[in-house]
Each structure stands twice: as C-alpha cells, then as structure tokens.
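> I would like the atomic coordinates for the input below:
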Amino acid sequence: MIDFLKKYQNKKFVKNTYFIVGAFVVAFALNLLIFESMNFGQNLKTSVLDSQNTLEQQTEDKKADIYIEEQNGKLFLKNSKEISDLQSISFSLVYDNSSIENLEVNSTIGETQIIGEKWSGIETVIINANVENIEKNSILAEIKIQKKENIAFTAINLTNANFIDKQENIFNLTTSGISL
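Sure thing, here's the model as predicted:
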C-alpha cells in the first residue's frame, strides 16, 4: 500500500512539474513576442498616442458598409467602402409604419425593385446596377419619406444587406440606420 502511495505522489509531482515548466515556457514566449523588438510584437502593441484620431477620422472608420445619411433634409443611402464587379445590391428597410406615410427609394446606379407590401414597415429593396464599380462614399440611392403629422421622432434601419458580384458571389454588408 505504501508503494502505491509513493508512486501516486511521484506521478503527481512529475505532472505538477511539467505544468509549471510549461507555464514558464508560455510566459517566456509571450514576453519575447510582445515586449521585445520583434515585428510580431510591434504589430500587437498599441499606444494611446498612436490610436488617437480626430473625431472625424473615428466616425469615418466606424461607418457601416452601407448607411443612411441625411443631407439638406434628404436621405441618401451611401457606401463607406469601394464595391467592384457589382451586379446588384439588396437590403431591407425597417421603419415604424405608424409614423411614416410614404417611403420611396430611387437609385441613380440602376433599376430599383421593392419587394413586399408597401408601407408595411419592412420593405426589401433590390438595386440591379448599371455600373460595375462604385467608389467609396458614393450615393447608392435616395430615400424619400413623408412623416405623418405630429410625429417628432422616428427611425429607419437597414438590415439584411448584401451585394452580388458578376460571378454570382454574395457578400454580406454591415448596415446602420438613422434617427429622424
């Protein structure tokens, strides 16, 4: 019985020793990667001074792939990234139909189709593009709305956005809405 306990204690000691040595190896490797002057470590590091941007740069970097922007009282659907080999763009507009009387989407880049029941609160829009490449911050469509009387606040959100390229590949897009 005593031999069995000694073997068990020896195995436990060896296992703990391996565990401690392994922890030191991992800690040493992380120290080399992060704190020493290796390229990988430099890529992982950041500085508060390096990461500070102006407010305009921060909002520009954080814009969704497609978003709604208000300019001079008009709503425009814009893209924050370049799109190439474009065949079509589709997205859903979600809004409170009790606060909006009329919603219309017109695109300058192609034919616009609205799928679903009009003014239901959820409308899917497909734009079959006439152009192949779209530059960054281009206007994809104009969204015309008419709010009901005595409505002070409403919101329009974009969901389920994607674009299809000429090879029929589907790419999901990030979206954001707007409060009016």
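> with adjacent residues omitted, what lies nearest to residue 131?
Among residues not flanking residue 131 along the chain, residue 109 sits closest, at 5.3 Å (C-beta to C-beta, 6 or more residues apart in numbering). Bear in mind the C-beta positions are built from the backbone N, C-alpha and C, glycine included.
> no no, residue 171
If the residues on either side of it in the chain are set aside, residue 171 comes closest to residue 163, at 5.5 Å by C-beta to C-beta, 6+ apart.
> now the one you found: how far from residue 114?
Distance, residue 163 to residue 114, using C-beta to C-beta, to the nearest Å: 17 Å.
> please say which of the two ends up with more neighbours.
Taking neighbours as other C-beta atoms under 10 Å, residue 163 and residue 114 compare with residue 163 leading, 25 against 14.
> report the buried residues of the helix or strand hosting the more buried one.
According to DSSP states H and E, residue 163 maps onto strand 155-165. Of the residues in strand 155-165, 156, 158, 161, 163, 164 count as buried by neighbour count, 16 or more other C-beta atoms under 10 Å.
> before we move on, the earlier item: what are the phi and psi values at the residue nearest to residue 131?
phi -100, psi 0 (degrees, to the nearest 10).
> now for it: which residues touch it?
Residue 109 makes contact with 86, 127, 129, 130, 131, 134, 138, 140, 141, according to C-beta atoms under 8 Å, 6 or more residues apart in numbering.
> how about a cut-off of 10 Å?
By C-beta atoms under 10 Å, 6 or more residues apart in numbering, residue 109 lies in contact with 83, 86, 89, 127-131, 134, 138-141.
> ok, these vs residue 71, which is closest?
Residue 71 has its nearest neighbour among those in residue 139, at 9.1 Å by C-beta to C-beta.
> who does residue 159 bridge with?
Beta-bridge pairing for residue 159 (DSSP bridges): residue 92.
> Three-state assignment for the closest residue to residue 119 other than its chain neighbours, please.
Closest residue in space to residue 119, ignoring its immediate chain neighbours: residue 97 at 5.5 Å, by C-beta to C-beta, 6+ apart. Here residue 97 is recorded as coil under DSSP: H, G, I helix; E, B strand; the rest coil.
> so residue 97 makes contact with residue 103?
Yes: the pair residue 97 / residue 103 is scored as a contact, 8.7 Å apart, by C-beta atoms under 10 Å.
> find residues that contact each of those two.
With C-beta under 10 Å, 6+ apart, residue 97 and residue 103 have common neighbours 118, 119, 121, 123.
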